[in-house]
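Visitor: Below are the sequence and a predicted model for it; my questions follow.
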Amino acid sequence: MPPKRNREESKATDATTSIFKGIVFNFSGTFSVPQGKLSKLVESYGGASASSLNKSVTHFVTNAESVKQKSKATVLKAIEQKLIIVGEQYIHKCIEAGKKLDEKDFILDGSKVDEEEEEEEEQEGGTAKTTTTTTTTTTTSSRPKRVLTPMTQQDDDEEEEESEDEEKKTATKTRKKAQPEVTSDLEDSDEESEDEENKVTIRVKNGVAVDQYVQDKDEWHVYINGKNVYDATLNQTEIATNNNKFYIIQLLESDKPGPSGHRYKVFNRWGREGLKGKFVETPGTLASLTTDFAKKFYDKTKNVFSNRDKFQKVKGKYDMIELDYSSAKEEPKKEKKKPVTHKKECDLDDRVQDLLKLIFDVKMMKQTLIDAQFDIKKSPLGKLSKKQILKGYEVLKRIEAVLDGKSKENLTDLSSAFYTQIPHVSEVVMRPPPVISNAVMLKQKLSLLESLGDIEIATTLIKESEQDESNILDAYYKKLKAHIDPLDTSSEEFKLIEKYIKNTHQGTTPTIVNIFRLEREGEKQRFEPSKASIGNRKLLWHGSRLTNFVGIISTGLRIAPPEAPVSGYRFGKGIYFADIMSLSSAYCRVSGTSDFCMLLGDVSLGKTADLYKDTYMEKPQPGSHSTLALGRIEPDPKDFHDHPDGFVIPYGKIIDSPYKNQQVSCKEHQYVVYNVDQVNLRYLLHLKN
């Protein structure tokens, strides 16, 4: 059986014209697909390809870095032959348009040096240095600029300078060293990294992080004037051209005034995601630097800084990563914030203290994001705004439409847009992150955005708690706005739940660390109407990542926003529960620990719509209050407990359901409600694998 052709190749048979007729391509460099596939692709659309730069070649295809550096013989030869030099994107865009496009919009002109490279040459007199020494030069504005470049740091555009062997070696490096562990980004800290290669200390002053590469960063803070926070994190990802870069601009004010008042400087840093890049500091007056900051922002984005609340992405320019500055204040704080540490005088039960330390663990939150390739250096933990996260959801929804065949947008372009909105580092150094090309990857990115939303809630509560004079764990507890009471292991409640665990968990049963009675503020009252009018209440399982529990306890279980794609929601956007524990526990993925948490909720199911197959919906089926997705196994329905409070605990041992031999799409029963008022969380479990 012949191999399947990709989507672009299959379109060729339907093309009424030969798009690339008369064009001979030659390829050099690294692309999103192997060169051989690109050759076959252009040939399937009427073009030709040559293995060398012979006289028949009309178009030379490479990447921007190769043209900028002009270090490869093939690039120099192509320039000398005055060939049309374009990027890979030209091919994909022509195919997408169904016709040959004008090359002028895709030209990689060797005479046009990248703007960051021009800036570097201007600042360094045209000489790039890779030392930690300070170089001072004079610009047209006569202000000195301090250019700093890390000792062993690869330049943003250095990839093509390497030999072929070095390129291959670089491409196999993993991202572990490129994205260091951050020791603190929630508080001011005097603790320096013990291992500079693997750890970085980020200074946060007045609610805004000072870039870790600012010289004498302990002595400076980001300048704030009213609602204007002079801090800009810009990002641009173009997978087709191997671009994944950032640009950071900060206007900094000295913490302490000198004889003539406060000192000021603008700090710029740019490079590839996950690498340090290059950076420059420019001292000057506040008035001149405010103007410089705004000009640089406009040059990079074609948007006006003072009007950034109406920011519009411009093609070929950087996008602005919208950070949360709600805690930013003009006046520097004189006192140090309380360290987030446990103290002996905490008034809480030891078991509750252990739970709080688990779910408020900042390192665990960071590791979860690092595992998902999110760039925590460009967006300090909890600083990505809700609006920015929603933008990520919107792009994923468009990607989903392409995967479902409902849209003809380009997946490479959409993936680039997502990574521009939600900064990522690639697992492989000097390569952009991969195209989001299937449902599994889409679901992974959706899970990342959900975690980002809950981590934003958690870090906000952590910051607010730091101002509380009580013990930090007591402060956390108050911010959760919930009563969390540990159950005695000899109590009937504990034994009922223990039985529910043992009977409905397939495989090795997790160890119970503690079980807590949970009562969220206002939830019981909200639940009363559905409890009385709908009925059919069951105590059901819900699992989630550890990173999500602060958000869940403080704000409740939530339904995915309208901007989110529907992938992963087999029976629509609702709140999902199970009567088999092992199904829900599969959603409790954690990083670096065997501990995890689960919830038991009192759920008013009312009349269920019993469904055999996946059916998407945004509200219950007509005449029903919830969905019961039928499974092939279930807890023995003859063995259950009628709780005095009016709900049923279906804790029977797992048996085959009546639907075992029928065409049902689920293995276990799944219960879905589409209204948060139908849920009252009753128990929180701390477990260990």
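Guide: Received, thanks. Numbering: from 1, shown residues only.
Visitor: burial of E618, as a residue count?
Guide: Counted with other CB atoms under 10 Å, residues neighbouring E618 total 12. (C-beta placed from N, C-alpha, C; glycine too.)
Visitor: for this structure, what's the longest helix?
Guide: helix 439-465 (DSSP state H).
Visitor: on contacts alone, who are the packing partners of that helix?
Guide: Contacts defined by 3 or more CB pairs under 8 Å, 6 or more residues apart in numbering; DSSP states H and E place helix 439-465 against helix 362-371, helix 386-403, helix 472-480, helix 549-555.
Visitor: Need those in TSV (columns: distance to A564 and mean neighbour count).
Guide: As requested, those are exported to TSV (distance: least, CB to CB, whole Å; neighbours: other CB atoms under 10 Å):
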stretch	distance to A564	mean neighbour count
helix 362-371	18	20
helix 386-403	5	19
helix 472-480	25	21
helix 549-555	15	22
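Visitor: Of those helices, which is nearest T282?
Guide: Nearest to T282, of all those, is helix 386-403, at 27.9 Å by CB to CB.
Visitor: Could you figure out how far the helix or strand following that closest one is turned away from helix 386-403?
Guide: Next helix or strand after helix 386-403 toward the C-terminus (DSSP states H and E): helix 411-421. Inter-element angle recorded for helix 411-421 and helix 386-403: 170 degrees (by axes from the mean of the first three to the mean of the last three CA atoms, to 10 degrees).
Visitor: so where is the stretch 401-550 of the chain shaky, pLDDT-wise?
Guide: 426-431 (pLDDT under 70).
Visitor: so what's the nearest residue to I575 once chain neighbours are set aside up against?
Guide: Take I575 and drop its neighbours on the chain: the residue closest to it by CB to CB, 6 or more residues apart in numbering is L557, 4.9 Å away. Residues near L557 by CB atoms under 8 Å, 6 or more residues apart in numbering: 542, 575, 599, 601, 676, 679, 681.
Visitor: For those residues, work out which two are farthest apart.
Guide: Going by CB to CB, the pair spanning these furthest: L599 and V676, at 13.6 Å.
Visitor: Between these two, which has more neighbouring residues?
Guide: Of the pair L599 and V676, L599 is the one with more neighbours under other CB under 10 Å, namely 22 against 17.
Visitor: Quick check: bridge partners of the more buried one?
Guide: Beta bridges link L599 to H542, L684 when assigned by DSSP bridges.
Visitor: picking that back up, of all the helices and strands packed on helix 439-465, which lies closest to K300?
Guide: Counting by CB to CB, K300 lies closest to helix 386-403 out of those; the figure is 17.5 Å.
Visitor: Give me the contacts around the closest one.
Guide: With contact meaning CB under 8 Å, 6+ apart, helix 386-403 is reached by 321-324, 407-409, 411, 414-415, 417-418, 421-422, 436-439, 442, 445-446, 449, 452-453, 456, 561, 563-567.
Visitor: could you flag which of those residues are buried?
Guide: Applying 16 or more other CB atoms under 10 Å to the contacts of helix 386-403, the neighbour count classes 321-324, 411, 414-415, 417-418, 421-422, 436, 442, 445-446, 449, 452-453, 456, 564-567 as buried.
Visitor: Could you list the alpha-carbon positions for stretch 296-303 in CSV?
Guide: The C-alpha trace of stretch 296-303 is given here as CSV (Å, rounded to 0.1, in the frame of the first residue of the first chain):
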residue,chain,number,x,y,z
LYS,A,296,11.6,51.2,20.8
PHE,A,297,8.2,49.7,21.7
TYR,A,298,6.8,51.2,18.5
ASP,A,299,9.7,50.1,16.3
LYS,A,300,9.3,46.5,17.5
THR,A,301,5.5,46.3,17.4
LYS,A,302,4.1,49.2,15.3
ASN,A,303,1.9,50.0,18.3
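Visitor: Now do the helix or strand that K538 is a member of: everything it contacts.
Guide: Taking DSSP H and E as the criterion, K538 maps to strand 537-543. Residues outside strand 537-543 that contact it (CB under 8 Å, 6+ apart) are 500, 504, 531, 557, 575-581, 583-588, 596, 598-605, 643, 646-650, 671, 682-683.
Visitor: Please write out the alpha-carbon positions of it in CSV.
Guide: The C-alpha coordinates for strand 537-543 follow below in CSV (Å, rounded to 0.1, in the frame of the first residue of the first chain):
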residue,chain,number,x,y,z
ARG,A,537,-27.8,13.2,44.4
LYS,A,538,-24.6,11.1,44.3
LEU,A,539,-21.2,11.5,45.9
LEU,A,540,-18.8,11.4,42.9
TRP,A,541,-15.1,11.7,42.2
HIS,A,542,-13.3,14.6,40.5
GLY,A,543,-9.6,14.6,39.8
